[in-house]
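Asker: Below are the sequence and a predicted model for it; my questions follow.
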Amino acid sequence: MDALPSELVDLVVESIDADEDMHDLKSCCLAASIFRYPCQKRVHRSMMLLFDSGLLDDDEILVASPRYLWRSVLGYLENHPHLVQHVVALRLFLPSSYRQPPEESPHSLFAMSSVLGKLYNVRELEIVGRGLGCSSYAWSRLPLQFTDALFEWLHACDGTLDQICCKFLHKLPPAAFEHMLAASSSLQFLRCRDDSDSDSEAREVSSQLSPATRPLRRLLFDQSESVIRFFLPADTQNYVLKGLKKLGLSSFSLPSPSSQLCCAVADSLEDLTLHLDGRSVCV
């Protein structure tokens, strides 16, 4: 068994169906020592973190496993520190909107900061602001200590994230854009919206851009028209958008923020995809 080529072992592991609990992969991991490392890589490739154990699906409360809570994950990583290297995709679920703002006890906030500090190999970040069937989550409801820890982690990523995807969020602060732009050159916004003063807030984003901010290469907006305006001020266009290669939009009308954005990136754009009426049209 030990004589099997590593490429063949990897193919065997990749062919195993992986359910939510990873039962088959965990069984394979115990079958022979040669499968342990590739199975561990796949089992721990993606990590999900929750503030609470309730996710919403329509009008029903689904209870997620407690092992996804911050404190549980911290204990697991402290007991198995060698597994941190395998985590390349992080899904961060913000508190369920039907609950009160998350607990701000020192123990909880320490767990949040400590878990993020351990995740040094993440390449894809997904921030989800709600469960299915409920309204978008307002960023302002998050504990300040958590947002500080998240921003510090994004800054430490220093451009190593291949992609950041925000889903079902609204009222994203200027600082969130600044730190996401410092962490990745590819941003996606799915059903995100903003309800504040568009002109003043957009100018504030431009004024807060730091030297760590990187030009974007890929930008996608899916039902997030109001978020586009943050990328329209002249300072942002001249630096953040000057090298944009790929742009995806789910709405397009004249005049609109979408059309203004297309005009701003016309010189550098190589791939424009319009997601209209359930169809993708590449231009």
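Answerer: Received it, and whenever you're ready, just let me know what you need. Numbering: from 1, shown residues only.
Asker: per-residue confidence at Ser65?
Answerer: With respect to pLDDT, Ser65 has a value of 59.
Asker: Could I get the full set of strands for this protein?
Answerer: 46-50, 54-57, 60-63, 89-93, 124-128, 137-138, 163-167, 169-170, 186-190, 218-222, 246-249, 271-276, 279-282 (DSSP state E).
Asker: for the record, mean pLDDT for the second one?
Answerer: This points to strand 54-57. The model assigns strand 54-57 a mean pLDDT of 47.
Asker: How much space separates Val265 from Asp271?
Answerer: 11 Å (Cβ to Cβ, to the nearest Å). C-beta: built from backbone N, CA, C; applies to glycine.
Asker: How about Ala176?
Answerer: 26 Å.
Asker: and if you look at Ser224?
Answerer: Counting by Cβ to Cβ, the gap from Ser224 to Asp271 is 19 Å.
Asker: Arg229 too?
Answerer: Relative to Asp271, and taking Cβ to Cβ, Arg229 is found at 22 Å.
Asker: So if I had to pick from the two, which one is more boxed in?
Answerer: Using other Cβ atoms under 10 Å as the criterion, Arg229 and Asp271 rank with Arg229 on top: 17 against 12.
Asker: Local confidence estimate at the more buried one?
Answerer: Value for Arg229, per-residue pLDDT: 85.
Asker: Kindly provide the distance from it to Trp153.
Answerer: Taking Cβ to Cβ, one finds Arg229 at 27 Å from Trp153.
Asker: Let me see the contact set for the closest residue to Ser113 other than its chain neighbours.
Answerer: Nearest non-adjacent residue to Ser113, counting by Cβ to Cβ, 6 or more residues apart in numbering: Ala149, 4.1 Å away. Neighbouring residues of Ala149 by Cβ atoms under 8 Å, 6 or more residues apart in numbering: 109, 112-113, 116.
Asker: Check what pLDDT Ala149 gets.
Answerer: Ala149 is given a pLDDT of 90.
Asker: Count the neighbours of Leu8 for me.
Answerer: 9.
Asker: try the one 3 residues further on
Answerer: Close neighbours of Leu11, defined as other Cβ under 10 Å, add up to 11.
Asker: Please tell me how far it sits from Tyr76.
Answerer: 28 Å.
Asker: what's the answer for Pro173, then?
Answerer: 31 Å.
Asker: again, but for Phe146
Answerer: Noted for Phe146: a distance of 20 Å to Tyr76, by Cβ to Cβ.
Asker: Who has more neighbours out of these two?
Answerer: Neighbour totals were compared for Phe146 and Tyr76, and Phe146 leads with 20 against 15 (other Cβ under 10 Å).
Asker: show me what contacts the nearest residue to that one once chain neighbours are set aside?
Answerer: Take Phe146 and drop its neighbours on the chain: the residue closest to it by Cβ to Cβ, 6+ apart is Met112, 5.2 Å away. The contact partners of Met112, taken as Cβ under 8 Å, 6+ apart, are 70, 145-146, 149.
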